[in-house]
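Peer 1: Could you look at this predicted model? Sequence included:
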Amino acid sequence: MNDSVYDGLLGGDSSQWAFGTDFEDPLAGVDTSVPAGIDAAELAAYCLMLGDDTLVLSQRLSEWCSRAPELEEDIALANMALDLLGQARLLLARAAAADPACVPSLPAGSPVPDEDALAFFRDAGQFRNVRMAEVPNGDFAHVVVRLLLFSNARLAILSRLRDSADAVLAAVAAKGVKELTYHRDWAGRWFVTCAQGTEESRRRLIDALGMLWPLYDELFAAHPVERSLAAAGAGVDPETVRAEADVVLDQVFAVADVPRPPLVGVRGRTGRDGLHTEALSLMLAEMQVVARAHPSGRW
Amino acid sequence: MTGDRRDWPLYEVFLRGKRGLNHVHVGSLHAPDDAFALSHARDVYTRRNEGVSIWVVRADAITASSPDEKDPLFAPSGDKVYRHPTFYEIPADVPHM
């Protein structure tokens, strides 16, 4: 007999781990050459956009650790944070492999891998994430609404990105689709539950939607790099998936009996251009302080 | 649903592993309804790739034997070794025995 039921379930075999238990190089054994017809610097910039979205949102979700209203939801939020962190790691590693010039320089001999250098040694102005990902957490309804809006939009993009001319992006997208499908399912269920729950839960949900809705349009505002990569067959122009994402969102709103707020358009420079809210600097200060204090540290 | 945790019923969670034939009891959790119980079970008990199938059932739906009944229920079978099919020879050409 096994000492733990889990021993029996796993059978002492660790081959189920997607990347083994050796996390040295996330792209080990993968062909990272840039396909013909695609500009390497643009591909790297595009990977940073998608990767920064998931890195920053992952950090926000991690801040929920030990603070969720229920133990089960605490773990659910941590699970989703780790899913997004895994996507970020692959995307940042892909950016570094496509264009090593995008990686911040570190002291000679530093063992910090490229994706960590990108995550921990860039300032807010160099991050390319949408602002939806960075705004501070609020109550539980806030994280539900943020995850619903983000995961729904990202799922539509990754579904198409599975056909990317860049095999690495296609593989990251294929992995991400499964994860984001669950995130959207989780957020959608809680969205409806809060909306149809008590007067207080509905009030909080509507408030959270009011706070986050002005940032919704930016999820679909195409940056020139996104347009260029889409034209080359390696990326997805977010404007082209907006209609299908909206259809899903409208279904959730209808079931929840929540009116869709009027569209608030985004103008001028956005997170994709490095223009952020002050909240990002504060978040990064906490996230990066230990790594920056020890640029030659080994973890 | 209610916001009061004390009103969330207890659920028992059963998982079937990749190579397992039967679902195995792995633990319990609280959830407001069956759908959330399944979701919670996925989040809490399958993080390390343990399962390919989940059953959840409300703990109050399980009818269990009482420890007080242990003797009348189980002691009578203790001395009936002849119920094990070990008193005949298995022919050599019968496989999978």
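Peer 2: Received, thanks.
Peer 1: C-alpha only now, for contacts and for neighbours.
Peer 2: Will do.
Peer 1: residue contacts, A:R203?
Peer 2: Contacts here follow CA atoms under 8 Å, 6 or more residues apart in numbering or on different chains; on that basis A:R203 touches A:A195.
Peer 1: mind showing which ranges of the stretch 1-150 of chain A have poor pLDDT?
Peer 2: Segments of the stretch 1-150 of chain A classed as low confidence (criterion: pLDDT under 70) are A:1-23.
Peer 1: One more: chain B?
Peer 2: Chain B contains residues with pLDDT under 70 at B:1-6, B:97.
Peer 1: Find the closest residue to chain A in it.
Peer 2: Residue nearest to chain A within chain B: B:G17 (4.8 Å; CA to the nearest CA).
Peer 1: Count the neighbours of that residue for me.
Peer 2: Using other CA atoms under 10 Å in any protein chain shown, B:G17 is surrounded by 22 other residues.
Peer 1: Go ahead and report the secondary structure state at the residue nearest to it when sequence neighbours are not counted.
Peer 2: Spatial nearest neighbour of B:G17, excluding adjacent residues (CA to CA, 6 or more residues apart in numbering or on different chains): B:G51 at 4.3 Å. Per DSSP: H, G, I helix; E, B strand; the rest coil, the local secondary structure of B:G51 is coil.
Peer 1: residues touching B:G51, list them.
Peer 2: Contacts for B:G51 (CA under 8 Å, 6+ apart) come out as A:9, B:15-18.
Peer 1: cool, and A:R94?
Peer 2: Applying CA under 8 Å, 6+ apart, we find A:R94 in contact with A:27, A:32, A:44, A:47, A:168-169.
Peer 1: So which of these is the closest to chain B?
Peer 2: If you rank those by distance to chain B using CA to the nearest CA, A:L27 comes first, at 21.6 Å.
Peer 1: so that closest one, which of the three states?
Peer 2: The three-state label for A:L27, taken from three-state DSSP, comes out as coil.
Peer 1: isn't it right next to A:A93, touching?
Peer 2: Yes. Counting by CA atoms under 8 Å, a contact exists between A:L27 and A:A93, whose distance comes to 7.2 Å.
Peer 1: Now do the single longest helix found in chain B: which elements does it pack against?
Peer 2: When chain B is parsed with DSSP state H, its longest helix is helix B:34-45. In terms of contacts (3 or more CA pairs under 8 Å, 6 or more residues apart in numbering or on different chains; DSSP states H and E), helix B:34-45 is packed against helix A:71-98, strand B:24-30, strand B:53-58.
Peer 1: what sits up against that helix?
Peer 2: The contact list for helix B:34-45 (CA under 8 Å, 6+ apart) reads A:72-73, A:75-76, A:79, A:186, B:11, B:13, B:26, B:29-31, B:54-57.
Peer 1: let's see it at 10 Å
Peer 2: Outside of helix B:34-45, the residues that reach it under the criterion CA atoms under 10 Å, 6 or more residues apart in numbering or on different chains are A:6, A:71-80, A:182, A:185-186, A:189-190, B:9-15, B:26-31, B:46-47, B:49-51, B:53-58.
Peer 1: now those: which count as buried?
Peer 2: By the neighbour-count criterion of 16 or more other CA atoms under 10 Å in any protein chain shown, these include these buried positions: A:6, A:72-80, A:185-186, A:189-190, B:9-15, B:26, B:28-31, B:46, B:49-51, B:54-58.
Peer 1: about what we covered before: which positions in the longest helix of chain B come out as buried?
Peer 2: Across helix B:34-45, burial judged by 16+ other CA under 10 Å covers B:36-45.
Peer 1: how much does that helix deviate in direction from strand B:24-30?
Peer 2: Inter-element angle recorded for helix B:34-45 and strand B:24-30: 120 degrees (by axes from the mean of the first three to the mean of the last three CA atoms, to 10 degrees).
Peer 1: Send me helix B:34-45 as PDB with only the CA atoms.
Peer 2: Coordinates of each C-alpha in helix B:34-45 appear next as PDB, following Å, rounded to 0.1, in the frame of the first residue of the first chain:
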ATOM      1  CA  ASP B  34     -22.300  21.000  -6.900                       C
ATOM      2  CA  ALA B  35     -20.800  23.000  -9.800                       C
ATOM      3  CA  PHE B  36     -18.600  25.000  -7.500                       C
ATOM      4  CA  ALA B  37     -17.600  21.800  -5.600                       C
ATOM      5  CA  LEU B  38     -16.300  20.300  -8.900                       C
ATOM      6  CA  SER B  39     -14.400  23.500  -9.600                       C
ATOM      7  CA  HIS B  40     -13.000  23.700  -6.100                       C
ATOM      8  CA  ALA B  41     -11.900  20.000  -6.400                       C
ATOM      9  CA  ARG B  42     -10.100  20.700  -9.600                       C
ATOM     10  CA  ASP B  43      -8.300  23.700  -8.000                       C
ATOM     11  CA  VAL B  44      -7.400  22.100  -4.700                       C
ATOM     12  CA  TYR B  45      -6.800  18.400  -5.500                       C
END
